[in-house]
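> output the structure for:
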Amino acid sequence: CPSGELETGMTVYRLVVTGKSAYKDGKPLDKSALASLGPAGQVPLVVEAGDDHAVAWTDPRPFKSPGELSGHHGERGAGVAYVDGSVRSIAGGDSERVAPVDPNDDGSKDQAKFQGAWTVTTASVNGNSVANMVNQGFTFQNNRLLQQVRAGQQPLQSTFLINIKANPRTFDWVQAGNKKLMGLYQFRGNSLLLTVALPGQPRPKALNAKGASVLQLALKRSTGAGTAQRPNSSGNAAATKGARKNASPPVNSPGAKLVGSSKELFETVNNRELVATTSQGQRISIQLNPDGTTRDGEGNESPTYEIKGLALSWVTGDRIITVNFQSGKPKIGDNCTVQHKKKSDGSPITGTFQQLKIAEINPAKPKRKPSSAIDGTWKIVSATVSGKPSDSLKGRILSFAEGKAALNVTKPAAVEYRFTYEADTKAKPAVFRVYNGERLLMSGIYRYQGKLLQLCFVRGEKTEPPENFTARENSHQLYVLEPVKTP
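Below you'll find the predicted structure:
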């Protein structure tokens, strides 16, 4: 045995006879039955079951429970031999990753299976590890994919589309700049295998395809701790596996003294983003952060919120917004109502009562930290757009202050900040992003040259941000700014 220590005459190599298997009732399938299972490279034949499932060489009993693998596999993982003669080592010895595919699975539940948070356990191109992708977080929300490259940074946003009728099933990943990675996917228990071609390359023909233009990823469903929650298949916010079910909220939390249905509601919505729609299709969202603050879909933040009975209230500007739920465990498809009231006296504001339907219950997005890296009021002294000078932008004034941004200041003495911004000073080059609510307006890099500030960026989410300060690429812009003295 290449890993672990066994008694003489014992083996861990076992014949797979359940699930998607080349054998049935101890007999091999004929060619037509075998072909109906799909590509031979996806039909497991022999599995390295681990020390706990070792048998004597002279008693080669078939292995009936590949989904319950245990025992020592070493760092290289558990080996699986497939009908086409290929052998793959499944990294990390994750038992569920080598579980046979259910031949009765028609893919109808695959979209729901994707939903939630996953962690990359292995990543490779042409057999070579891509170390910087390991431990990245992937969160699937409907057809959105949020890729958490580094903790604390705003995740990269992209979209994905699956085709459950294709064989193998396909996964199309559309990144910023409309870069499309065409690939394949397969679920194995609580693990997800993705094999995608790099942008511009043809779709791989098999999950075990290798090549300089093929990225292979293995992901495991995240199992956080504490009060972390995720939606279950019915849309409820269910406690994540491994969570402390009876963990109490912090003393200063809005849920600290709640009981009964109010506490139930708090446990459902805390650290979540709720999205509801009106009968006209208008989307309304509110995110409840673990520290008791809120942020709505327009980027407005409130220092606290309150739950009374089945009513959730928070303050935005001069009004109190209250959402009334039907139960302490709201789920997707449930109805609720919203009402705005005056902060001054609590009286209802005419025309603000609406019936809503809950459309999404998502994991909370990372809370953006106030930035100060490029604070100040600045005037454009030169500008370059797509490699060409732009005189029309000269003289425009921008202002940044403690995470707020104004992009066309007409009165430097009375700046109106309509947007927010964040900066990553540890990135090289340093990175900045400007938002209108949750919508990304600008993303790029910045640097100081003496007293001058240089911003090189793109607008929106569809174009890849620049990596240098040349601004030669299409839609890339470079501003050179000087500080403006304000009263």
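> going forward, measure contacts between C-alpha atoms and count neighbours the same way
Will do.
> state the helix or strand in which the closest residue in space to Pro348 that isn't next to it in sequence lies.
Leaving aside its chain neighbours, Pro348 sits nearest to Lys341 (4.2 Å; criterion: Cα to Cα, 6 or more residues apart in numbering). Following DSSP states H and E, one finds Lys341 within strand 335-342.
> who are the packing partners of that strand?
Contacts defined by 3 or more Cα pairs under 8 Å, 6 or more residues apart in numbering; DSSP states H and E place strand 335-342 against strand 319-324, strand 354-363.
> returning to what we had before: what residues are bridge-paired with the residue nearest to Pro348?
Ile320, Pro348 (DSSP bridges).
> and the strand holding Lys341, C-alpha only, in PDB?
What follows is strand 335-342, C-alpha atoms only, in PDB (Å, rounded to 0.1, in the frame of the first residue of the first chain):
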ATOM      1  CA  ASN A 335     -45.000  37.900   1.200                       C
ATOM      2  CA  CYS A 336     -44.200  40.800   3.500                       C
ATOM      3  CA  THR A 337     -45.000  44.600   3.700                       C
ATOM      4  CA  VAL A 338     -42.900  47.800   3.900                       C
ATOM      5  CA  GLN A 339     -44.000  51.100   5.400                       C
ATOM      6  CA  HIS A 340     -42.000  54.400   5.700                       C
ATOM      7  CA  LYS A 341     -42.600  56.700   8.700                       C
ATOM      8  CA  LYS A 342     -41.400  60.100   9.700                       C
END
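> how about the CA coordinates for stretch 356-364, as PDB?
The C-alpha trace of stretch 356-364 is given here as PDB (Å, rounded to 0.1, in the frame of the first residue of the first chain):
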ATOM      1  CA  LEU A 356     -43.500  42.700  -1.200                       C
ATOM      2  CA  LYS A 357     -42.400  39.200  -2.100                       C
ATOM      3  CA  ILE A 358     -39.100  37.900  -0.800                       C
ATOM      4  CA  ALA A 359     -36.900  37.100  -3.900                       C
ATOM      5  CA  GLU A 360     -33.500  36.300  -2.400                       C
ATOM      6  CA  ILE A 361     -31.800  35.600   0.900                       C
ATOM      7  CA  ASN A 362     -28.100  35.900   0.400                       C
ATOM      8  CA  PRO A 363     -25.000  35.800   2.500                       C
ATOM      9  CA  ALA A 364     -24.000  39.300   3.600                       C
END
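> what residues of it count as buried?
Neighbour counts over stretch 356-364 (16 or more other Cα atoms under 10 Å) mark 356-364 as buried.
> looking at this protein, which helix is longest?
helix 260-269 (DSSP state H).
> quick one: mean pLDDT over whichever helix or strand comes after it.
Using DSSP H and E, the helix or strand that follows helix 260-269 in sequence is strand 272-277. Averaged across strand 272-277, the pLDDT comes to 88.
> so which elements touch strand 272-277?
strand 283-288, strand 354-363.
> among the ones you listed, which is nearest Val415?
Val415 lies closest to strand 283-288 among these, at 27.4 Å (Cα to Cα).
> partners of the next helix or strand along the chain from the closest one, with directions?
Using DSSP H and E, the helix or strand that directly follows strand 283-288 along the chain is strand 294-296. Partners of strand 294-296 in the sheet, by DSSP bridges, are strand 283-288 (antiparallel), strand 301-302 (antiparallel).
> just these: most buried one?
Comparing these by mean neighbour count (mean count of other Cα atoms under 10 Å), strand 283-288 comes out on top with a mean of 20.
> looking at the helices and strands packed on strand 272-277, which is closest to Lys462?
strand 283-288 (22.0 Å).
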